[in-house]
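J.: Predicted model follows, preceded by the sequence.
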Amino acid sequence: METIKLYNTQSRAIEVVVPQHIDNVLRIYCCGPTVYHYAHIGNFRTFLIQDILRRLLLAMGHRLRFVRNLTDVDDKTIHGAQRENTSLENFTAQWTHIFHTDCQELNILDPDVEPRATEHIGEQIAMIETLIRKKHAYVVSEGSVYFRISSYTAYGKLSGIDRQSLQNNEHGATQADLADEYGRDSIRDFALWKAYKPEDGAVFWESPWGKGRPGWHIECSAMAMKYLGETIDIHGGGIDLCFPHHENEIAQSVCVTGKPFVRHWFHSEHLQVDGQKMSKSLGNLFTLKDLKNKGYGVHAIRYALISGHYRQILNFTLSGLDAAQSALNKLKTKIMHLFQGCDFSPAIATNFPSQAVITYEYLRGAIEALKCDLNVPQCLGEIFAVLNNATVGNEQLWKELQTVCSILGIETYLFDREEPRIVEIPRDIEILAARRWQAKQDKNFKESDHLRRLLMEQGWSIIDHQEGYRLEKKRDPIIDAAKN
Ligand code: AMP
Ligand code: ZN
């Protein structure tokens, strides 16, 4: 196993990533999308760098459990469902399906576990009860529950926010926030449980404080702890989540368990478009679909979104996307020239997590760039420099190149990967997969998504292609260890 280094927002330093548990499995949690609309390419910039972190760790011989949630209840999802006159479940199922399809097209690996907020209400209520018992939270008259920030002295350490400025509302709680949460003792306090309002329609759960729904922050704490334990190794998200979302996650988790919540915070910078924040009103908010409609390929989009350093703002432009496409074409042409006619066996396992660690002779610089805080631009520069001076038919270089490209997730475009050979697919899995495919054809996305998740829970991923699908066995080291 080889170590990698990653910037930690908490310590503000680049640190070696080391698992804390004796089973050596790294526990990773990333905040997932809110499923009410298409994810935009900014969201995908964040999901892509998380994918590269994961692929790199796997290629370095680490074992991981990677959890990325779905936020399927909040104001936006509730309003969306009402607008379409459908249930919250149906509404979020459609958008979840589209999100999965986009992820697949962008060659983002499926998470090992993909929990939904609405399926973990019990866990969230239990956490809130503990917080109330320990006097870190209070109930207001209409039945909402708030976290009392003054009860947690370390609040603000992650983002460097000073608590007094919060008190003075210097971080911009809007009138809408305030109207929504009028019962708070302090403007800083955030909602753990939101009491039912008539606008919520049919969306509510019973709780010890009456009908209502959880706040956004508690969802992630409850799901992260359920699947990864009280202290997780790496927690990721876009930089905008650092405050207040992650600050709030830390406060409520530490106050429940008395233990550190996260050892390593992994935040990625935002994507801008034409030098501006993306927004619908500026007409510069792109989805994957928008760019595909303009004729761009998904591989070029992936390449463009990963090609800047993740801790710097990336300015996305259509001409940058053209440049990404031509860089990819150049790489492909070079690879064809260097390896045409060579009968080398594929170095990349189709089942990526089972990758064996290889030694690097030619692309050491490229792999070292990734190992030191995921420096993708430097890695790409190294690849081009090496290929420019390479001799034809070098098998070792072929092996290294395939591996580095598969860490970047551009291998499918550059190499004709073999279809995986599944030795044995259990009958019940085949039946489930066939039912899912049928449900998808029938556009019953709720059912097809449900079946896909059943398969995921049993360790199988489905990869759709134009005429059908294939199944891939996933490995979950924590489940595997428990079985043995
Ligand atoms: P959301 O669905 O809004 O909760 O966002 C999902 C993920 O995308 C989060 O990790 C956000 O921090 C991240 N994100 C949102 N906007 C951008 C952006 N413009 N650039 C990069 N990441 C973003
Ligand atoms: Zn979160």
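T.: Ah, there it is. Ligands and ions are numbered 1, 2, ... in the order given.
J.: what residues go with each domain of the chain?
T.: The chain breaks down into these domains under automatic domain parsing: 5-268, 273-414, 427-483.
J.: What is the end-to-end distance of the second one?
T.: By that I understand domain 273-414. 27 Å (C-alpha to C-alpha, to the nearest Å).
J.: Quick one: mean pLDDT for it?
T.: For domain 273-414, the mean per-residue pLDDT is 91.
J.: The shortest one too?
T.: Regarding domain 427-483, the rounded mean pLDDT is 81.
J.: can you give me the offset of that domain from its chain's centre?
T.: A distance of 19 Å separates the centroid of the chain from that of domain 427-483, by C-alpha atoms, centre = their mean, to the nearest Å.
J.: Look at the closest residue to Thr130 other than its chain neighbours and say how many residues are nearby.
T.: Closest residue to Thr130 in three dimensions, ignoring its sequence neighbours and counting by C-beta to C-beta, 6 or more residues apart in numbering: Val256, at 4.9 Å. Bear in mind the C-beta positions are built from the backbone N, C-alpha and C, glycine included. Counted by other C-beta atoms under 10 Å, the residues lying close to Val256 total 23.
J.: tell me which element Val256 falls in.
T.: Taking DSSP states H and E as the criterion, Val256 maps to helix 247-257.
J.: near ligand 2, anything from that helix?
T.: No. Helix 247-257 does not reach ligand 2 (C-beta under 5 Å from the ion); its nearest approach is 6.3 Å.
J.: swap in stretch 98-116?
T.: No. Stretch 98-116 lies apart from ligand 2 when judged by C-beta under 5 Å from the ion; the minimum separation is 11.3 Å.
J.: mind checking the SS state of the closest residue to ligand 2 within the stretch 351-484 of the chain?
T.: Per C-beta to the ion, Arg453 is where the stretch 351-484 of the chain lies closest to ligand 2, at 19.4 Å. Assigned state for Arg453: helix (three-state reduction, DSSP: H, G, I helix; E, B strand; the rest coil).
J.: just Thr101 next, same as before
T.: Quick answer, by three-state DSSP: Thr101 is helix.
J.: tally of neighbours for the residue of the stretch 351-484 of the chain closest to ligand 2?
T.: Using other C-beta under 10 Å, Arg453 has 18 neighbouring residues.
J.: That one - nearest residue in space that isn't next to it in sequence?
T.: Glu114 (7.1 Å).
J.: cool, Met223 as well?
T.: The shortest distance from Met223 to any non-neighbouring residue, by C-beta to C-beta, 6+ apart, is to Pro115 (4.4 Å).
J.: List the contacts of that neighbour.
T.: By C-beta atoms under 8 Å, 6 or more residues apart in numbering, the contact list for Pro115 reads 67, 69-70, 223, 226-227.
J.: Surely the residue of the stretch 351-484 of the chain closest to ligand 2 and Asp110 touch.
T.: No. Assessed by C-beta atoms under 8 Å, Arg453 is found out of contact with Asp110, at 10.3 Å.
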